[in-house]
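Participant: give the three-dimensional model of this entry:
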Amino acid sequence: MADCKLPGLVLAIIGVLGSIITCVLPMWRVTAFIGANIVTAQIIQEGLWMSCVIQSTGQMQCKVYDSMLALPRALQTSRALVVIAILLGFFGILFGVIGYSCSNCRMDQRQNSKVTIASGVIVIIAGVLLLIPVSWTAHIIIHEFYNPILISAQRRELGSSLYIGWGSAGLLFLGGPLLCSSRPRMNDTDCEVRYSNHRAVFGGNRVRGSTPEDAGDSGNPG
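Facilitator: The predicted structure follows:
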């Protein structure tokens with residue numbers, strides 16, 4: 001299963017890149033509404049770090065969240081989980097690169113396999129940590145969307161970041177098991193059997209095994 005290292009590593013890299021896009025892109029919660037005047041139409045996009053307002057004229061204004069403590073608890077938790085998922089993804093890729101680059105060197109194959117399996121486990125954990133805030137936020141958005149108390153302007157829809165997050169988590173879930181499925185390869189040097197010429201000494205005389213040349217010499221005396 002050594003051939004699965006490279007596909008697993010590629011999927012993990014793409015998954016981590018998608019996780020970064022999910023974290024940075026301010027499109028977790030999106031709402032589009034039209035007021036009494038069509039000129040005042042605007043789209044509000046909310047992310048983990050900022051919120052943006054897009055006017056009907058195409059002008060876009062973004063504002064970074066000022067106070068972290070004033071943010072909802074769900075948003076704070078989502079921030080932490082996504083950042084931890086990205087960091088774990090980087091470490092998983094690092095271990096995967098080490099395991100893949102040393103697959104053909106003189107490094108112990110068992111140690112190499114342990115490094116690769118560890119990278120796969122880390123990548124899977126990163127996928128879980130990314131999936132939790134994305135799915136949790138989607139659940140909150142859907143629950144609030146069907147809340148009859150909220151007016152239309154307060155309702156949110158699923159943003160593109162959530163879909164990117166689901167796709168990235170799926171790639172991490174695919175790449176992690178591929179990295180974990182690696183096994184130590186049995187090289188020819190691992191199965192090499194070495195023989196040594198053992199000699200015994202009896203009464204001061206050295207005795208060794210006979211060879212075909214010795215047999216021929218013994219058959220032709222003198």
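
Participant: longest helix in this protein, please.
Facilitator: Identified as the longest helix of the chain according to DSSP state H is helix 109-145.

Participant: mind listing residues that contact the helix or strand just after that one?
Facilitator: The helix or strand immediately downstream of helix 109-145 is strand 157-158, counting by DSSP states H and E. When contacts are defined by Cβ atoms under 8 Å, 6 or more residues apart in numbering, strand 157-158 is touched by residues 29-32, 138, 141-142, 145. Placement of C-beta: from N, CA and C, glycine included.

Participant: out of those residues, flag the one nearest to residue 67.
Facilitator: Nearest to residue 67 among the contacts of strand 157-158 is residue 29, at 18.5 Å by Cβ to Cβ.

Participant: picking that back up, got the buried residues for the longest helix of the chain?
Facilitator: 109, 112-113, 115-127, 129-134, 137-138, 140-141 (16 or more other Cβ atoms under 10 Å).

Participant: please compute how far that helix lies from its chain's middle.
Facilitator: 8 Å (Cα atoms, centre = their mean, to the nearest Å).

Participant: thinking again about what came up before, which members of the contacts of strand 157-158 are the farthest-apart pair?
Facilitator: The widest separation within those (Cβ to Cβ) is 17.5 Å, between 32 and 138.

Participant: please name whichever of the contacts of strand 157-158 scores lowest on pLDDT.
Facilitator: Within the set of the contacts of strand 157-158, pLDDT is lowest for residue 32 (58).

Participant: related to what we said a few turns ago, between the contacts of strand 157-158, which is nearest residue 174?
Facilitator: Looking across the contacts of strand 157-158 and measuring by Cβ to Cβ, the closest to residue 174 is residue 138, at 20.8 Å.

Participant: residues in contact with that closest one?
Facilitator: 158, 162 are the contacts of residue 138 under Cβ under 8 Å, 6+ apart.

Participant: just put the contacts of strand 157-158 in CSV and tack on distance to residue 181.
Facilitator: Output for the contacts of strand 157-158, formatted as CSV (distance: Cβ to Cβ, whole Å):
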residue, distance to residue 181
29, 38
30, 39
31, 43
32, 44
138, 31
141, 36
142, 36
145, 41
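
Participant: which one of these sits closest to residue 47?
Facilitator: residue 29 (8.0 Å).

Participant: contact partners for the closest one?
Facilitator: Residue 29 touches 45-47, 137, 141, 156-157, 159, counting by Cβ under 8 Å, 6+ apart.

Participant: residue 176: which of those residues is nearest?
Facilitator: Nearest member of the contacts of residue 29 to residue 176, counting by Cβ to Cβ, is residue 137, at 22.7 Å.

Participant: the closest one against residue 79, yeah?
Facilitator: No: checked against Cβ atoms under 8 Å, the pair residue 137 and residue 79 is beyond contact range at 11.1 Å.
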